[in-house]
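**Q** Sequence unavailable; structure follows:
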């Protein structure tokens with residue numbers, strides 16, 4: 001049955017009801033040390049029934065897509081709502097589930113026919129082999145992930161929309177050894193929305209060659225020094241800095257305390273919005289669901305709220321949070337259309353989507369030439385941040401020492417630490433459009449029960465002043 005028929009067949013008395021169907025197929029192609037792993041394909045499909053009764057939302061998911069299965073799920077949701085009505089925190093109206101109609105589809109150039117899909121297996125195998133550029137390379141891997149997802153939503157107040165996403169990701173890794181010194185270099189993760197044109201053989205092969213050469217380079221590199229330095233962060237590291245020290249602390253459910261038992265709280269207070277100088281005046285951060293190719297671009301969130309671009313931080317001042325219409329009602333804080341669920345068997349909660357730093361006017365060469373004593377860092381290796389998303393520490397795979405405006409040597413095991421707002425206040429230069437790159441995260445975890453969701457982050461290169469830097473042996 002289609003969703004309209006299923007919705008009309010549900011026989012319960014509620015103030016509002018919505019059905020969200022999610023169908024997803026994930027294909028993973030992986031090769032290690034010149035050998036293909038077995039092809040991994042997962043397929044998932046189901047419906048989340050959501051109801052509003054007496055101001056209380058309740059949910060029940062089912063993978064029985066018959067009318068009987070959906071009816072039973074609706075009855076479970078209503079029964080749960082009745083049991084919990086005395087414990088509700090807030091009384092909602094159906095206005096927090098707006099009426100939305102339309103379609104969204106990832107712009108793509110092509111999808112390989114099934115008869116030609118084996119060429120992607122061959123590409124993963126080729127890259128795994130090509131990473132072994134020298135006998136010093138002792139381990140290689142290449143992985144290519146294809147995700148096809150369709151989300152359909154229909155509700156009793158007229159919502160009827162469908163979104164079809166095509167998402168791709170590529171990862172490669174090379175480990176080099178010289179004597180007892182072992183170093184691993186990866187591409188982090190290249191990912192985005194698009195078709196199989198994402199897996200461009202020439203581009204991925206060039207990436208693999210660079211990664212392998214830099215792994216060997218790191219085995220001969222000096223340890224990163226310790227001290228206060230200017231810090232040039234490349235986009236493949238800066239995206240995670242955005243994720244951890246801007247995205248998560250701005251989630252309204254954290255600020256309200258909903259996530260404190262598992263994912264933690266936030267140092268941000270409700271009264272900070274519109275007033276807090278989060279960073280330097282060069283810091284402009286947007287929630288932007290319309291960047292073509294970015295991982296979390298969409299037209300509607302999972303409650304039906306229409307996507308709109310908004311500044312979260314403008315000229316360094318905090319403007320908006322990341323939160324659903326429900327969280328906005330509860331907190332009185334302006335939010336964005338970012339209530340998202342990881343699958344059909346999870347309710348939507350406040351999540352990140354595309355959180356980006358807008359580009360500035362400086363070139364990478366200008367940043368380097370303006371730096372007397374600094375370190376450039378690439379590609380995240382480790383991270384740690386406290387429950388309030390305030391104090392943090394990041395390790396990177398690859399560093400370069402900058403002395404008197406020039407890069408002088410490669411450094412291994414570069415790390416840096418700081419406190420969120422002082423760190424962003426140290427933002428000195430923001431890269432121009434030529435330095436702007438799209439990145440993101442396949443595995444952002446949050447919520448009880450846990451939800452793993454995919455997010456996007458786009459950013460230029462940025463230069464920070466007075467950052468505490470240290471090497472792998474420092475404490």
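**A** Perfect, thanks for sending it. Only a predicted model underlies this, so the values are computations on that prediction, with no experimental measurement involved.
**Q** what's the domain layout of the chain?
**A** Under the assignment automatic domain parsing, the domains of the chain span 3-220, 223-470.
**Q** Could you list the buried residues of stretch 362-381?
**A** Judged by neighbour count (16 or more other CB atoms under 10 Å), stretch 362-381 contains these buried residues: 362, 364, 367-368, 371, 374-381. All C-beta spots, glycine's among them, are computed from the backbone N, C-alpha and C.
**Q** could you dump those residues to JSON lines with distance to residue 428, secondary structure and pLDDT?
**A** Shown next, in JSON lines, are these (distance: CB to CB, whole Å; DSSP: H, G, I helix; E, B strand; the rest coil; pLDDT from 0 to 100):
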{"residue": "362", "distance to residue 428": "9", "secondary structure": "strand", "pLDDT": "98"}
{"residue": "364", "distance to residue 428": "14", "secondary structure": "helix", "pLDDT": "98"}
{"residue": "367", "distance to residue 428": "8", "secondary structure": "helix", "pLDDT": "98"}
{"residue": "368", "distance to residue 428": "12", "secondary structure": "helix", "pLDDT": "98"}
{"residue": "371", "distance to residue 428": "9", "secondary structure": "coil", "pLDDT": "98"}
{"residue": "374", "distance to residue 428": "10", "secondary structure": "strand", "pLDDT": "98"}
{"residue": "375", "distance to residue 428": "14", "secondary structure": "strand", "pLDDT": "98"}
{"residue": "376", "distance to residue 428": "14", "secondary structure": "strand", "pLDDT": "98"}
{"residue": "377", "distance to residue 428": "15", "secondary structure": "strand", "pLDDT": "98"}
{"residue": "378", "distance to residue 428": "19", "secondary structure": "strand", "pLDDT": "98"}
{"residue": "379", "distance to residue 428": "22", "secondary structure": "strand", "pLDDT": "98"}
{"residue": "380", "distance to residue 428": "21", "secondary structure": "strand", "pLDDT": "97"}
{"residue": "381", "distance to residue 428": "24", "secondary structure": "strand", "pLDDT": "97"}
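**Q** Which secondary structure state does the nearest residue to residue 334 once chain neighbours are set aside sit in?
**A** In space, and not counting its chain neighbours, residue 334 is closest to residue 320: 4.8 Å by CB to CB, 6 or more residues apart in numbering. Residue 320 carries the three-state label coil when classified by DSSP: H, G, I helix; E, B strand; the rest coil.
**Q** who touches residue 320 in this structure?
**A** By CB atoms under 8 Å, 6 or more residues apart in numbering, the residues touching residue 320 are 250, 273, 287, 310-312, 333-336.
**Q** Could you export these as JSON lines, including secondary structure and neighbour count?
**A** Converted to JSON lines, those look like this (DSSP: H, G, I helix; E, B strand; the rest coil; neighbours: other CB atoms under 10 Å):
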{"residue": "250", "secondary structure": "helix", "neighbour count": "32"}
{"residue": "273", "secondary structure": "coil", "neighbour count": "22"}
{"residue": "287", "secondary structure": "strand", "neighbour count": "26"}
{"residue": "310", "secondary structure": "strand", "neighbour count": "19"}
{"residue": "311", "secondary structure": "strand", "neighbour count": "17"}
{"residue": "312", "secondary structure": "strand", "neighbour count": "24"}
{"residue": "333", "secondary structure": "coil", "neighbour count": "21"}
{"residue": "334", "secondary structure": "coil", "neighbour count": "15"}
{"residue": "335", "secondary structure": "coil", "neighbour count": "26"}
{"residue": "336", "secondary structure": "coil", "neighbour count": "29"}
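**Q** which one of those sits closest to residue 147?
**A** Closest approach to residue 147 among the contacts of residue 320 (CB to CB): residue 287, at 22.1 Å.
**Q** so what's that closest one scoring on pLDDT?
**A** At residue 287, the predicted lDDT confidence score is 98.
**Q** just checking, it touches residue 323?
**A** No. Taking contacts as CB atoms under 8 Å, residue 287 lies outside contact range of residue 323: 10.7 Å.
**Q** overlap in contacts of those two?
**A** Taking CB under 8 Å, 6+ apart as the contact rule, residue 287 and residue 323 both touch 336, 338.
**Q** looking at the domains of the chain, which is buried most?
**A** Comparing the domains of the chain by mean neighbour count (mean count of other CB atoms under 10 Å), domain 223-470 comes out on top with a mean of 20.
**Q** first to last residue in that domain, what's the distance?
**A** 9 Å (CA to CA, to the nearest Å).
**Q** Same check on stretch 33-41?
**A** This stretch, stretch 33-41, spans 21 Å end to end (CA to CA).
**Q** So for it, mean pLDDT?
**A** 97.
**Q** Please apply the same query to stretch 263-273.
**A** The predicted model assigns stretch 263-273 a mean pLDDT of 96.
**Q** by contact count, what packs against the helix or strand hosting residue 286?
**A** Residue 286 belongs to strand 285-287 when elements are defined using DSSP states H and E. Judged by 3 or more CB pairs under 8 Å, 6 or more residues apart in numbering; DSSP states H and E, strand 285-287 is in contact with strand 310-314, strand 355-357.
**Q** List the contacts of the first one.
**A** In this case it means strand 310-314. With contacts defined as CB under 8 Å, 6+ apart, strand 310-314 is touched by 246, 250, 278-279, 283-287, 318-322, 336, 355.
**Q** one more time with 7 Å
**A** Residues outside strand 310-314 that contact it (CB atoms under 7 Å, 6 or more residues apart in numbering) are 250, 278-279, 283-287, 319-320, 336.
**Q** Please identify which helix or strand holds the closest residue to residue 354 other than its chain neighbours.
**A** Nearest in space to residue 354, with sequence neighbours left out and distances taken as CB to CB, 6+ apart, is residue 456 at 4.2 Å. In the assignment (DSSP H and E), residue 456 maps to strand 451-459.
**Q** Let me see the mean pLDDT of that strand.
**A** For strand 451-459, mean pLDDT rounds to 97.
**Q** Residue 223 bridge partners, please.
**A** On the basis of DSSP bridges, residue 223 is bridged to residue 412.
**Q** now the contacts of residue 320 in CSV, with distance to residue 179?
**A** Listed next are the contacts of residue 320 as CSV, based on distance: CB to CB, whole Å:
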residue, distance to residue 179
250, 46
273, 54
287, 48
310, 53
311, 51
312, 48
333, 55
334, 57
335, 54
336, 52
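**Q** a helix runs through residue 84, doesn't it?
**A** Yes. Using three-state DSSP, the secondary structure at residue 84 is a helix.
**Q** Alright, I will stop here.
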